[in-house]
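Quick one: sequence plus predicted model below, questions after.
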Amino acid sequence: MPDSKYFSTTNRGELFELKQQLNSHSNRSKRDALKQVIASMTVGKDVSSLFTDVLNCMQTVDLELKKLVYLYLINYAKTQPDLAILAVNTFVKDASDPNPLIRTLALRTMGCIQLTRISEYLCEPLRRALKDADPYVRKTAAICVAKLYEVDPALVSEYGFIGVLKELILDSSPMVVANAIAALGEIDDSLPGTLELRPNLVSGLLQCLNDCSEWGQIFIIDAVSSYVPSGTEEAESIIERLLPRLQHANAAVVLSSMKVIVKNLKYIKSVEFARMVQKKLGAPLVTLVSAEPEVQYVALRNINLLVRKYPEILQNEFKAFFCKYNDPPYIKEEKLEILVRLANDDNATKIISECKEYAAEVDVGFVRASIRAIGRIALKIEAAANKCVECLLDLVRTRVVYVVQESIVVMKDIMRRYPNEFEGAIPVLCENLEALDEPNARASLIWIIGEYADRIENIVELVESFLENFQDESVQVQQQLLTCATKVYLKCNGSCKVSLEKILNDSMKNSDNADLRDRAFFYSRLLQTDKELAKSVVLSRKPRIVNSQQDLDDSLLNTLLDEMGSLASVFHRSPHVFLANSKPLPQVSVVDEEWKEQNSEVLSDDILELSLSDKQQVADINHGIGKSSVDELFDLRGAEPTSSQKSSEQNNDLLSLIDDLFSNSATQKNTAVSSEHYESPEKRVRLLLPASKARGLEISGVFTIEGDKVQYILKLQNESNETMRENAIQFNKNLLGMIPSRSKLDVDQLKPKESVICKIDLRYVPSEKDSKKGLIFQMALKNDICGVVYFGDKLDESNLIVFLQAEHIGKLSKQAFLDEWNNIGSSHEVVKRISVPTGVSLPGYFVEKLYPLKVFQVASSPSRLCYFSARVMEEIFILVELHWTDKSNDVELSLRCNSVVELLRIFEHLIERALSK
């Protein structure tokens, strides 16, 4: 009979009957009873009361019965730890059984029972299993090491299991190699540097792929993805070895191989080779799109990332992303997104026609998305704009309400992107005035009417038709009506005056909305003051609308491409969102909303004042202190570390150090760090804000030092089609109190497609310090085209040295060191053990490694203690204590800082990296 019968029993005396069966002398009865127990356990019933009876069934040679017992033990050992220890003798005995299946079963079960008391007994059987003659046992033992590391890392280190795993990478069995790589990779997440890949090792791993299972291939390929090739030839070799994997039937193998190939493409110098590889990537991706919907969605999300950076890969395969009638909505949405990204001058017409067909579907959401796709193509490809407008007007003529409304919203964006080119479409749009009931659609049509008021004959009647129910309109529509009436009045020599007065009066006296009321007051006083001035404000040139595609930051995009096939690449979110111990992205642009609100000008479509002079510097604006989100963004959460309890001898050593020790200090080398220590700052700039998020202006920057002056190197790249003038910059309050010496940039004009490097001298202003901002330097840049754009740079290991003071300032006297050490206390202290290379001379080695970082020795003690200090700008001190012994190469690092704990963490990583080399 099938095993499903065990899930259908409803006997009331079930546990009693099972207890009797488990204690019978028949193995068959025991098997049936255990199957019933496992079935009950699977559906959530509590059968833990049978633990002792199940335990008694362990002593058997019946393999099936033993498997069932072990399965039960894995589930209930944590709730019955005192009884689970009774099974240890059987585990140890089975681990030496002649049958490799029983040895493996015992080992796997002990590894899955993650109890410290059992783990102690696991080590010796595990040591033997790692050297077992049977590869099946060895591969299970390899995974068991990773499980043991989760429970007790010290045991793994004590028995040298990591070294044995590294030996298993060279095993003759591919499945052992794959499991060893998987185990080392798992341990490497907690202990970075465990999995060290060398060129010959990578080559050997890739050779194993043909003989590995599909999951073994994934483990190996994922491990190779972390390897950085030494040059073009090695990168080409890795790519050539992985290209055949793209034909694999398993989608995970294909995506993992794709990830490594794409990652190695950036190291390829040969354009021909890169093109050849890109051509070969298209077909496997198209194959994935034909899989079942769930796999298809994962593939499409990864393809979405890939075409952002390499659109040419699928440029000729765009028809594969045409939507089918039976595709789920989430698949259709992704396909539309990819079609827009693949659109170019050659295929735009076909894609537009396809999207027009989708607009006849019954799914309203999909229809709206298709119409928006047509609009995005028009914004992206100027040559296709006419075709897009024709399609949209055809859709408007269908008089389907939701089609008409979405088409008008899209037409508004197109007419703003290409001013004075499609005014012939206005009569067709106005014919459907009665059909508009959505605020967004009504507001869009009103904006079009106001923008082209001087070219519409019955403009006054059109405006008045909206005024009948002015009080019942949404705020969005009311604001557009107010602006539209003002435009008509200014453009048409006083026309619509009565309507404008009525709107102004209603808005100022009867509206409860502050934005509408303030705008009405603003327009009223502006018109009363100077009509010409009102024209220059209300009818001013507006920034050209850019492609509305949701683009990712380059840094995030590169990270997601490195994580293809993972949750990060599906959700398009940084990996640290999913894994608490992963590192966040190195670059995040973040601005306090309160500061942004207080510093921004009126940036609506119709009110844009962009003048900026030296007398009216942005730096004079009152700063707001908003709630900082730096801890959350940079994953610096968790309780602040407390000091470890120092022994009384160490405390005495520190006190006596100040009074008595004036010798034993290592001679410091005169290797002061100069600006030549760095690569050219212009080459080190990192992207802070892409052009897509800054209205056509790409912003990059980096902190540097020239002589004794701290500077900010700002690179501006104009990706728009208009010349940018009147560029100025402002810093918000920050941790170090650094602001520009002057706000106006030395850039008279920035022409289209031109880039410029600006060197901004920074000065220290104590009143501009604010520790609540954490490690972020929040900035705002302003010009006549972009308006005000906000971005940020982060203080990290790569630029902290810029702000460290020279020896005559950074090196504290012994008394000053002790005073600061006591003042800071243990609340801002980090204590960590680090390893230094064997055979080095201490403390001379410390001095040699830390002096180039501008960390200077204060004193050293015969009791194996050494003290260093560093100063960040004027008021931030970093104090370092190093304690070592002759018996080990481990050093205890203690750090104290009178500033935020995030800065302390940066110094911790900086010093650990310097001393561990």
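Good, I have the coordinates.

For the rest of this, base every contact and every neighbour count on C-alpha atoms.
Will do.

Endpoints of stretch 285-293, how far apart?
With C-alpha to C-alpha, to the nearest Å applied, stretch 285-293 spans 14 Å between its terminal residues.

which parts of it are buried?
If you call a residue buried by 16 or more other C-alpha atoms under 10 Å, then stretch 285-293 has these buried ones: 285, 286, 287, 288, 289.

One more: stretch 833-848?
The neighbour-count criterion (16+ other C-alpha under 10 Å) identifies 834, 836, 842, 843, 846, 847, 848 as the buried residues of stretch 833-848.

show me where the stretch 801-917 of the chain has strands.
With DSSP state E, counting those that start in this stretch as the criterion, the stretch 801-917 of the chain has strands at 829-835, 856-861, 865-872, 876-884, 890-897.

Distance to residue 540 added to the ones you listed, as JSON lines?
Below are these laid out as JSON lines (distance: least, C-alpha to C-alpha, whole Å):
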{"stretch": "strand 829-835", "distance to residue 540": "56"}
{"stretch": "strand 856-861", "distance to residue 540": "58"}
{"stretch": "strand 865-872", "distance to residue 540": "46"}
{"stretch": "strand 876-884", "distance to residue 540": "48"}
{"stretch": "strand 890-897", "distance to residue 540": "52"}
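
mind checking the SS state of residue 695?
Under DSSP: H, G, I helix; E, B strand; the rest coil, residue 695 falls in the coil class.

Please tell me I have it right and it contacts residue 786.
Yes: Residue 695 is in contact with residue 786 according to C-alpha atoms under 8 Å; the separation is 5.5 Å.

Mutual contacts of those two, please.
Listed contacts common to residue 695 and residue 786 are residue 543; contacts here mean C-alpha atoms under 8 Å, 6 or more residues apart in numbering.

Got phi/psi on the residue nearest the centre of the chain?
A centroid search over the chain (C-alpha atoms, centre = their mean) returns residue 574, at 2.2 Å, as the residue closest to the centre. As for residue 574, its main-chain torsions (degrees, to the nearest 10) stand at phi -60, psi 140.

Begin at 695, not 1, for the rest of this chat.
I'll keep to 695 as the first residue from here, and by that count the last item is residue 1268.

For the residue lying closest to it once chain neighbours are set aside, list the residues it contacts.
Here the nearest residue to residue 1268 in space, its sequence neighbours aside, is residue 1262; by C-alpha to C-alpha, 6 or more residues apart in numbering that works out to 5.9 Å. By C-alpha under 8 Å, 6+ apart, the contact set of residue 1262 is 1254, 1268, 1269, 1272.

Would you write a PyMOL line that selects the buried entries of those residues?
Selection of the buried residues among these in PyMOL, burial being defined by 16+ other C-alpha under 10 Å:
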select buried, resi 1254+1268+1269
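
Among the contacts of residue 1262, which one lies nearest to residue 1141?
Of all these, residue 1268 has the smallest distance to residue 1141: 38.0 Å, by C-alpha to C-alpha.

Surely that closest one is in contact with residue 1255?
No: applying C-alpha under 8 Å as the test, residue 1268 and residue 1255 come out as separate, 10.8 Å apart.

one step back: need the buried residues of stretch 979-987 in a markdown table (columns: distance to residue 1050 and secondary structure).
As requested, the buried residues of stretch 979-987 are exported to a markdown table (distance: C-alpha to C-alpha, whole Å; DSSP: H, G, I helix; E, B strand; the rest coil):
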| residue | distance to residue 1050 | secondary structure |
| --- | --- | --- |
| 979 | 26 | helix |
| 980 | 23 | helix |
| 981 | 26 | helix |
| 982 | 26 | helix |
| 983 | 22 | helix |
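
Generate JSON lines for those residues, with distance to residue 800 as supplementary columns.
Shown next, in JSON lines, are the buried residues of stretch 979-987 (distance: C-alpha to C-alpha, whole Å):
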{"residue": "979", "distance to residue 800": "43"}
{"residue": "980", "distance to residue 800": "45"}
{"residue": "981", "distance to residue 800": "42"}
{"residue": "982", "distance to residue 800": "40"}
{"residue": "983", "distance to residue 800": "43"}
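
quick one: which of those is nearest residue 1607?
Within the buried residues of stretch 979-987, the smallest distance to residue 1607 is 40.5 Å, found for residue 979 (C-alpha to C-alpha).

What residues does that closest one make contact with?
Listed by C-alpha under 8 Å, 6+ apart, the contact set of residue 979 reads 993, 997.

same thing but 7 Å
Listed by C-alpha atoms under 7 Å, 6 or more residues apart in numbering, residue 979 has no contact partners.

And it, what's its pLDDT?
Among the per-residue scores, residue 979 holds a pLDDT of 90.

Can you name the residues in contact with whichever helix or strand residue 1196 is part of?
For residue 1196, the enclosing helix or strand under DSSP states H and E is helix 1191-1204. Residues external to helix 1191-1204 that are found in contact with it (C-alpha under 7 Å, 6+ apart): 1158, 1176, 1179, 1180, 1183, 1210, 1211, 1214, 1215.

As TSV, those with secondary structure would be great.
Converted to TSV, the contacts of helix 1191-1204 look like this (three-state DSSP):
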residue	secondary structure
1158	helix
1176	helix
1179	helix
1180	helix
1183	helix
1210	helix
1211	helix
1214	helix
1215	helix
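
Including distance to residue 1499 and neighbour count, could those go into a markdown table?
Listed next are the contacts of helix 1191-1204 as a markdown table, based on distance: C-alpha to C-alpha, whole Å; neighbours: other C-alpha atoms under 10 Å:
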| residue | distance to residue 1499 | neighbour count |
| --- | --- | --- |
| 1158 | 68 | 17 |
| 1176 | 57 | 24 |
| 1179 | 60 | 28 |
| 1180 | 58 | 29 |
| 1183 | 62 | 22 |
| 1210 | 52 | 20 |
| 1211 | 53 | 19 |
| 1214 | 54 | 24 |
| 1215 | 53 | 16 |
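
Alright, I will stop here.
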